[in-house]
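Trainee: Take a look and give me a structure for this.
(one chain, ligands or ions: 2)
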Amino acid sequence: MTSQSSSAQNSTAFDAVLFLSFGGPNGPDEVMPFLENVTRGRGIPRERLEAVAEHYYHFGGVSPINRLNLDMIESLRAELARRGRDLPVYFGNRNWEPMVEDTVEQMYADGHRRVLVFPTSAWGGYSGCRQYHEDIARALDALAARVPDSADDPLLLRKLPQYWAEPSFVDAGADAVRRAVASLPASDTPTHLVFTAHSVPMSADAASGPVDDTAERTGDTTNGEGITAGGGRLYSRQVRAASNAVAEALEGAAHSDVDQVWQSRSGPPQIPWLEPDICDHLESLSAAGVSRVVVSPVGFISDHLEVVWDLDNEAADVAEKLGMEYARADSVGTDPRFITMIADLIERYADGEGDLRALGCADNGATCRPNCCVPVRRPQRA
Ligand SMILES: CC1=C(CCC(=O)O)c2cc3nc(cc4[nH]c(cc5[nH]c(cc1n2)c(C)c5CCC(=O)O)c(CCC(=O)O)c4C)C(CCC(=O)O)=C3C
Ligand SMILES: [Fe+2]
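Mentor: Ligands and ions are numbered 1, 2, ... in the order given. Alright, predicted model coming up:
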């Protein structure tokens, strides 16, 4: 590969980073407005919202997600500065302040025109990828409305690729599992490993990803590595592949088996979501004689509310009632290797050389190609 363009003068170089996340409330008064933003138009029953609000109130109405994101951003700024990369990092969210629309307007006002977007989800599929593209598109629509002249001097927002297969993501996850295993009292009993991620409706999972006859095109990219079986389910297959990779990296650790489970489902009960649920699974494991479990929240970047409530309270209670030894592994967000991974991803594309679009996701929130997060469609043959 030729590399004549590592300088900032390169017109295809990027000039800033947008750290794009989910958002969460900073106090009790923000809980319901936040939840209304999250579920706008999504058919989540009122009782579910009220139950989820209680989870937030349990922590004083403060989600840990904002503090954790700000910590990651601070570490990322330091890492980019250490590498001599003059790329300011901005923070924007889908559902709470700082809202991505406001952040993007500020970035534009500050003179940025080519922006790399780092999403705090490692995954493909609707919730993990497509919805972040929708956020990008919405922010650009808002910019066009607020700054009509921006059409003459447009802003480019390019989302970084899914990073669940990055070695440092896997290594950080494996070390967190090792620490959790070591935190349990020493025992001859084997430790049963359980990997958990956010559940999604099965219909949503099935609707994103490659079909069989495009599978061969998906084996050679960052977001597609190891993904060869067809028929949608990009998200759940990536999650499983990441869990398997973490388990393989643990070689020699005291674990006897690996299970993939799901958590935090919502929606009406008659609509199927990915299963088994973590709590049901603990019951099954106990019935099968398992008495020592480590849970890895592989699906989550940081210890946000769904981790500290659903795993550290609900699942931990179930384990206690069942008389199981239980430990939850840290999420990867506080591991320095995860920050290094973000900086590496940024550097891989910062000079405008790597063709991110070839990896499946388009610029400015446009629709991803069919092997990513848009509905499965068979390619037309000539
Ligand atoms: C795959 C996935 C991720 C991982 C990828 C990623 O990280 O983006 C994720 C992350 C998160 N989910 C979060 C919170 C919520 N998710 C909800 C609802 C939903 N999540 C879904 C999926 C996912 N969600 C889905 C299919 C729904 C149903 C409604 C809808 O399709 O939108 C609801 C509404 C109430 C409820 O239904 O439970 C809340 C409050 C928080 C912030 C927590 C904090 O405050 O610390 C984070 C990081
Ligand atoms: Fe995508």
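Trainee: near ligand 1 at all, stretch 46-61?
Mentor: Yes: counting by Cβ under 6 Å from any ligand atom, contacts between stretch 46-61 and ligand 1 involve 48, 52. C-beta coordinates here come from the backbone N, C-alpha and C atoms, glycine included.
Trainee: Give me the contact list for that stretch.
Mentor: Here stretch 46-61 makes contact (Cβ atoms under 8 Å, 6 or more residues apart in numbering) with 25-32, 35-36, 39, 62-63, 266-267, 305, 308-309, 313.
Trainee: so how far is that stretch from its chain's centroid?
Mentor: From the chain centre to the centre of stretch 46-61 is a distance of 22 Å (Cα atoms, centre = their mean, to the nearest Å).
Trainee: rewinding a little: mark which of the contacts of stretch 46-61 are part of helices, please.
Mentor: 28-32, 35-36, 39, 305, 308 (DSSP state H).
Trainee: Can you lay out the residues you listed as a markdown table showing distance to R138 and neighbour count?
Mentor: Converted to a markdown table, the ones in helices among the contacts of stretch 46-61 look like this (distance: Cβ to Cβ, whole Å; neighbours: other Cβ atoms under 10 Å):
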| residue | distance to R138 | neighbour count |
| --- | --- | --- |
| P28 | 27 | 14 |
| D29 | 25 | 10 |
| E30 | 20 | 19 |
| V31 | 23 | 24 |
| M32 | 22 | 15 |
| L35 | 19 | 19 |
| E36 | 16 | 11 |
| T39 | 16 | 18 |
| L305 | 23 | 20 |
| V308 | 29 | 17 |
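Trainee: after the lowest-mean-pLDDT helix or strand in the chain, next one along is what?
Mentor: For the chain, counting by mean pLDDT, DSSP states H and E, strand 255-263 ranks last in confidence among helices and strands (a mean of 78). If you walk from strand 255-263 toward the C-terminus, the next helix or strand you reach (DSSP states H and E) is helix 278-287.
Trainee: what's the next secondary structure element after that following helix?
Mentor: strand 292-296.
Trainee: Which parts of the stretch 51-200 of the chain are helices?
Mentor: Assigned helices in the stretch 51-200 of the chain, in chain order: 65-82, 100-109, 131-146, 167-183 (criterion: DSSP state H, counting those that start in this stretch).
Trainee: Now mean neighbour count and distance to ligand 1 too, for the ones you listed, in TSV please.
Mentor: Shown next, in TSV, are these (neighbours: other Cβ atoms under 10 Å; distance: least, Cβ to the nearest ligand atom, whole Å):
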stretch	mean neighbour count	distance to ligand 1
helix 65-82	17	4
helix 100-109	19	13
helix 131-146	19	7
helix 167-183	19	14
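Trainee: Identify whichever of the ones you listed lies nearest to ligand 2.
Mentor: Across those, ligand 2 has its closest neighbour in helix 131-146 (6.4 Å, Cβ to the ion).
Trainee: Which other helices and strands does that closest one contact?
Mentor: Packing contacts for helix 131-146, counted by 3 or more Cβ pairs under 8 Å, 6 or more residues apart in numbering; DSSP states H and E, involve strand 16-21, helix 100-109, strand 114-119, strand 156-159.
Trainee: That helix to strand 114-119, inter-axis angle?
Mentor: Calculated by axes from the mean of the first three to the mean of the last three Cα atoms, to 10 degrees, helix 131-146 forms an angle of 140 degrees with strand 114-119.
Trainee: roughly how far out does helix 131-146 sit from the chain middle?
Mentor: Here helix 131-146 is found 20 Å from its chain centre; the criterion is Cα atoms, centre = their mean.
Trainee: With stretch 191-201 instead?
Mentor: 14 Å.
Trainee: does it come close to ligand 1?
Mentor: Yes: shown here: stretch 191-201 in contact with ligand 1 (Cβ under 6 Å from any ligand atom) through 198, 200.
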